[in-house]
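1. the following comprises the amino acid sequence and a computationally predicted model.
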Amino acid sequence: MSRLSFLLPALILAVQPLAMAQAQPEGEGRLLYQFRVEHLERNVGLTEDQARSVADRWARFDRELFEKTRQVRELRTQFNDILMGPGTEDEKNARVKPLLDQFVALRHQQMNLKMQFEDDIRSRLSPAQQVRLIVQVDEMQRRMLEVLRQGLGNRPGMGLGNRMGPGAGLRRGGR
């Protein structure tokens with residue numbers, strides 16, 4: 001597998017909170033889009049048209065993956081409710097089986113989305129540009145995390161390092 005295959009999921013997870021905003025012409029989604037376009041132009045050597053095309057496809061991928069991830073999260077909640085709730089093991093197995101099938105199908109869909117995204121991106125780039133993109137993914141991820149931290153850090157209770165949310169001040173061991 002290519003390095004891009006290993007790094008893209010981490011990059012995608014880093015930007016998921018902004019993925020739905022990406023479709024909007026203003027705000028944080030617009031900043032993410034513009035960041036991607038500029039970085040692709042400057043560091044991968046894409047033309048403005050190529051960079052916008054890649055960023056557009058990336059935005060579509062973000063939205064599609066965000067929806068699948070939301071569905072997976074809902075299934076995990078249902079799993080937990082069933083497994084922690086009343087009933088015998090056989091009853092729980094019967095209730096969880098169709099959800100497990102949905103979960104596995106969604107995971108395959110996520111992988112297929114990622115593979116299709118990578119194929120679409122690669123088809124738009126020359127081999128040299130593909131290599132530059134692979135090399136730049138780490139840098140893009142680091143910079144995007146910085147942007148996210150700065151953006152979320154400006155909202156009360158939303159900073160990535162902020163410990164004022166649920167469970168703040170609690171330590172392991174019940175103290």
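-> Here it is on my side, so go on.

2. just the pLDDT for the residue of the chain positioned farthest from its centre.
-> Ranking residues of the chain by C-alpha distance from their mean position (C-alpha atoms, centre = their mean) puts residue 88 at the top, at 36.4 Å. Residue 88 is assigned 96 on the pLDDT scale.

3. need the helix or strand of this protein with the lowest average pLDDT.
-> Ranking every helix and strand in the chain by mean pLDDT, DSSP states H and E puts helix 3-19 at the bottom, with a mean of 45.

4. now the element after it, going C-ward?
-> Heading C-terminal from helix 3-19, the first helix or strand you meet, by DSSP states H and E, is helix 27-39.

5. just the buried residues of that following helix, please?
-> 28-29, 32-33, 35-37, 39 (16 or more other C-beta atoms under 10 Å). Every C-beta, even on glycine, is put in place using the N, C-alpha and C of the backbone.

6. what do you get for stretch 96-105?
-> Residues of stretch 96-105 classed as buried: 96, 103 (neighbour count, 16+ other C-beta under 10 Å).

7. contacts for that stretch, please.
-> For stretch 96-105, the surrounding residues in contact (C-beta atoms under 8 Å, 6 or more residues apart in numbering) are 71-72, 75-76, 78-79, 82-83.

8. of those residues, grab the buried ones for PyMOL.
-> Selection of buried members from these for PyMOL, criterion 16+ other C-beta under 10 Å:
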select buried, resi 71+72+75+79+82
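
9. which one of the contacts of stretch 96-105 is nearest residue 145?
-> Nearest to residue 145 among these is residue 72, at 22.3 Å by C-beta to C-beta.

10. not counting its neighbours along the chain, what's nearest that closest one?
-> Residue nearest to residue 72 in three dimensions, not counting chain neighbours: residue 106, with 5.3 Å by C-beta to C-beta, 6 or more residues apart in numbering.

11. what does residue 92 give?
-> residue 82 (5.6 Å).

12. quick one, strands of the protein?
-> Counting by DSSP state E, no segments of the chain form strands.

13. pLDDT on stretch 43-53, on average?
-> 93.

14. in it, what counts as buried?
-> Applying 16+ other C-beta under 10 Å to stretch 43-53 flags 44-46, 50-53 as buried.

15. circling back to that earlier point, just the contacts of stretch 96-105: which are in helices?
-> 71-72, 75-76, 78-79, 82-83 (DSSP state H).

16. centre of the chain to stretch 32-50, how far?
-> Distance of stretch 32-50 from the chain centroid (C-alpha atoms, centre = their mean, to the nearest Å) equals 19 Å.

17. okay, now residue 94: neighbour count?
-> Using other C-beta atoms under 10 Å, residue 94 has 12 neighbouring residues.
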